[in-house]
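J.: this is a predicted model, with the sequence first.
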Amino acid sequence: MDKSNITLIGMPGAGKSTIGVILAKNLSRAFVDTDLLIQLNQGKSLQELLETHGHLGLRQIEEEEICRLELRCHVIATGGSAAYSERAMRHLQDSSRIVFLQTSFPELLRRIHNFASRGIAKAPSQTFAELFAERQPLYQRYADLTIPCDGLTQDRIAEQIAACLG
């Protein structure tokens, strides 16, 4: 399969969904948010799925939904935990160029105010700082392109991605 898609990965609060919409519009592509796809197909919010299935169950659901994707010329925003699944990430790599929206921990703290109810797939006792530290190497492992996002507007980030990959 060709790499006609652009997939955005990164922490919750990095701006994957918002930047994805802007990027898709700028490049005249369709947009898919895998978190919304999961909620639509499962008929529950991410938080409800987390409460019902636990963080590992939610990650498994996410893996299955991502591995079912067969898209061309899309911008895809993944959930922050997609990078835990090598199977899902390999599937995305087959059809996408992967962009890591690198956002600093202080910036994420400034943006996220609903950490406990956001439906973040993390161990019950895990802090946001621990989650951040755990996920950074995963995002870096799969990224074809890393965009440092601190201090940039969402439009500027989308422009940078388009200039590199569009």
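T.: That came in fine, so what should we check first?
J.: average pLDDT for the longest strand along the chain?
T.: When the chain is parsed with DSSP state E, its longest strand is strand 96-102. In this model, strand 96-102 has an average pLDDT of 98.
J.: partner strands of that strand, with direction?
T.: According to DSSP bridges, strand 96-102 forms sheet pairs with strand 5-9 (parallel), strand 145-148 (parallel).
J.: just list what the next helix or strand after that strand packs against, helices and strands only.
T.: Using DSSP states H and E, the helix or strand that directly follows strand 96-102 along the chain is helix 105-111. Judged by 3 or more CB pairs under 8 Å, 6 or more residues apart in numbering; DSSP states H and E, helix 105-111 is in contact with helix 128-142. C-beta here means a position set from N, CA and C on the backbone, and glycine is covered the same way.
J.: quick check: buried residues in the helix it packs on?
T.: 128, 131-132, 135-136, 138-139, 142 (16 or more other CB atoms under 10 Å).
J.: try stretch 80-89
T.: Here stretch 80-89 shows 80-85, 88-89 as buried, counting by 16+ other CB under 10 Å.
J.: what of stretch 148-155?
T.: Neighbour-count burial for stretch 148-155 [16+ other CB under 10 Å]: 149, 152, 154.
J.: same thing with stretch 35-47?
T.: 35, 37-39, 42, 44, 46-47.
J.: quick one: low-confidence ranges for this protein?
T.: 1, 114-119, 166 (pLDDT under 70).
J.: go with 80
T.: 1-2, 113-119, 166 (pLDDT under 80).
J.: residues in contact with the longest helix anywhere in it?
T.: Longest helix in the chain, counting residues (DSSP state H): helix 46-68. The contact list for helix 46-68 (CB atoms under 8 Å, 6 or more residues apart in numbering) reads 34-35, 37-39, 41-42, 44, 78-79, 81-82, 84-85, 87-88, 91-92, 117-124.
J.: so what's residue 9 bridging to?
T.: Bridge pairing for residue 9 - DSSP bridges - gives residue 100.
J.: gap between it and residue 28?
T.: 22 Å (CB to CB, to the nearest Å).
J.: so who does the spatially most central residue of the chain touch?
T.: Against the mean C-alpha coordinate of the chain, by CA atoms, centre = their mean, the closest residue is residue 78 at 3.0 Å. By CB under 8 Å, 6+ apart, the contact set of residue 78 is 7-9, 16, 34-35, 66, 92.
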